[in-house]
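J.: Everything below, folded, please.
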Amino acid sequence: MIQDLMNDDALSLGMFWAGALMVFTPMIGASIVLWIWWRRKAKTPVAHGATSVEGTAGMDQGDSVSTQASGVVIRPT
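T.: Numbers count the residues shown, from 1 in each chain. The predicted model follows:
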């Protein structure tokens with residue numbers, strides 16, 4: 001005989017939700033972390049007060065164009 005698959009008991013339903021949480025929680029967590037990282041990266045001002053990445057309005061004498069373009073700021077010690 002064929003068993004009726006639509007009659008799930010509480011244990012099998014609980015096991016389904018536990019498995020679903022184990023599968024989707026890391027993906028949801030990683031997407032939240034990446035979203036926060038992306039938002040913070042988008043909101044941070046460009047180094048030395050320049051208005052855009054291509055702009056050099058706030059560059060000091062010691063800064064070079066290559067450090068501004070790559071986003072790496074070298075601070076004097």
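J.: now for the lengthiest helix in the chain, which elements pack on it?
T.: Identified as the longest helix of the chain according to DSSP state H is helix 10-43. Helices and strands touching helix 10-43, by 3 or more Cβ pairs under 8 Å, 6 or more residues apart in numbering; DSSP states H and E: there are none. Heads up, the C-betas are built off the backbone N, CA and C, glycines and all.
J.: Tell me the buried residues in stretch 21-34?
T.: Neighbour counts over stretch 21-34 (16 or more other Cβ atoms under 10 Å) mark no residue as buried.
J.: Let me see the mean pLDDT of that stretch.
T.: For stretch 21-34, mean pLDDT rounds to 97.
J.: With only the CA atoms kept, save that stretch in CSV.
T.: The C-alpha coordinates for stretch 21-34 follow below in CSV (Å, rounded to 0.1, in the frame of the first residue of the first chain):
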residue,chain,number,x,y,z
LEU,A,21,17.2,26.8,9.4
MET,A,22,20.5,25.0,9.2
VAL,A,23,20.6,25.4,5.5
PHE,A,24,19.4,29.0,5.2
THR,A,25,20.9,30.7,8.3
PRO,A,26,24.5,30.9,7.0
MET,A,27,23.3,32.3,3.7
ILE,A,28,21.1,34.9,5.3
GLY,A,29,23.8,35.8,7.8
ALA,A,30,26.4,36.2,5.1
SER,A,31,24.1,38.3,3.0
ILE,A,32,23.4,40.6,6.0
VAL,A,33,27.2,41.0,6.7
LEU,A,34,27.9,41.8,3.0
